[in-house]
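A.B. asks: Fold the stuff below for me.
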Amino acid sequence: MTIGQNKVVAVHYTLNEGTAEGQLVESTNGGEPLAFIYGVGMMIPAFEANLAGLSIGDTFAFGIPAAQAYGEYDANALEEVPKQIFEYEGKIPDGLLEIGNVLPLQDQEGNRMQGMVASVGLDKVKLDFNHPMAGVDLFFTGHVEGLRDAEPSEIEHGHVHGAGGHHH
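C.D. replies: Purely as a prediction, here's the structure:
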């Protein structure tokens with residue numbers, strides 16, 4: 001069996017910035033493998049494309065440029081907002097507006113998003129709405145740990161059930 005559409009894939013991987021020697025971002029080694037359904041849009045398309053046709057036990061090592069991963073960094077995704085919008089009962093909660101904090105936000109149409117606090121001024125806060133990995137080239141190394149056909153309910157729900165997946 002090889003990795004393809006509607007297969008449940010389980011991989012152990014290490015993600016580094018730029019190259020295999022770049023800064024470590026995350027690793028599943030020593031933990032549960034990443035399990036996903038191939039081809040349902042859960043993963044970066046270039047990640048899936050690099051795994052296509054592999055089988056259990058196969059290893060992989062590939063890079064994905066930022067533009068094909070989480071996109072290039074967009075300076076237009078920075079927004080200044082009035083500091084007072086973060087007030088609750090007349091004051092801003094302690095520790096809320098710390099640089100680097102990621103805040104759950106909602107726009108006027110009710111759309112949810114996350115903004116990272118980039119800077120805090122006297123009366124304005126600059127929020128960064130870029131993905132935290134925007135502008136970063138990715139490099140994955142790892143191996144295929146498991147592979148099976150996805151169950152119809154998994155395909156319907158768009159995620160893996162059971163071990164390494166979602167539990168209802």
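A.B. asks: So which residue of the protein lies furthest out from the middle?
C.D. replies: Gly90 (35.0 Å; C-alpha atoms, centre = their mean).
A.B. asks: list the helices and strands the helix or strand in which Gly142 is found packs on?
C.D. replies: Here Gly142 sits within strand 138-149, counting by DSSP states H and E. Here strand 138-149 touches strand 7-17, helix 45-51, strand 59-64, going by 3 or more C-beta pairs under 8 Å, 6 or more residues apart in numbering; DSSP states H and E. Quick note: C-beta positions are derived from backbone N, CA and C, even for glycine.
A.B. asks: Need the phi and psi values for Ile85.
C.D. replies: Here is the backbone geometry of Ile85 (degrees, to the nearest 10): phi -70, psi -10.
A.B. asks: related to what we said a few turns ago, and the angle for the strand holding Gly142 with strand 59-64?
C.D. replies: Orientation check (axes from the mean of the first three to the mean of the last three C-alpha atoms, to 10 degrees): strand 138-149 against strand 59-64 gives 130 degrees.
A.B. asks: Pull out the buried residues from strand 138-149.
C.D. replies: Buried residues in strand 138-149, counted by 16 or more other C-beta atoms under 10 Å: Leu138, Phe139, Phe140, Gly142, His143, Val144, Glu145, Leu147.
A.B. asks: now the angle from that strand to strand 7-17?
C.D. replies: Using the same axes, to 10 degrees: strand 138-149 against strand 7-17 is 170 degrees.
A.B. asks: With only the CA atoms kept, save strand 138-149 in PDB.
C.D. replies: C-alpha atoms of strand 138-149 as PDB (Å, rounded to 0.1, in the frame of the first residue of the first chain):
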ATOM      1  CA  LEU A 138      10.400  24.500   6.200                       C
ATOM      2  CA  PHE A 139      12.500  21.300   6.100                       C
ATOM      3  CA  PHE A 140      11.000  18.000   7.100                       C
ATOM      4  CA  THR A 141      12.700  14.700   7.800                       C
ATOM      5  CA  GLY A 142      11.100  11.500   9.100                       C
ATOM      6  CA  HIS A 143       9.600   8.200   8.200                       C
ATOM      7  CA  VAL A 144       6.200   6.700   7.500                       C
ATOM      8  CA  GLU A 145       5.000   4.800  10.600                       C
ATOM      9  CA  GLY A 146       1.600   3.600   9.500                       C
ATOM     10  CA  LEU A 147      -0.800   3.500   6.500                       C
ATOM     11  CA  ARG A 148      -4.300   2.300   6.100                       C
ATOM     12  CA  ASP A 149      -7.500   3.000   4.200                       C
END
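A.B. asks: Many thanks, have a good one.
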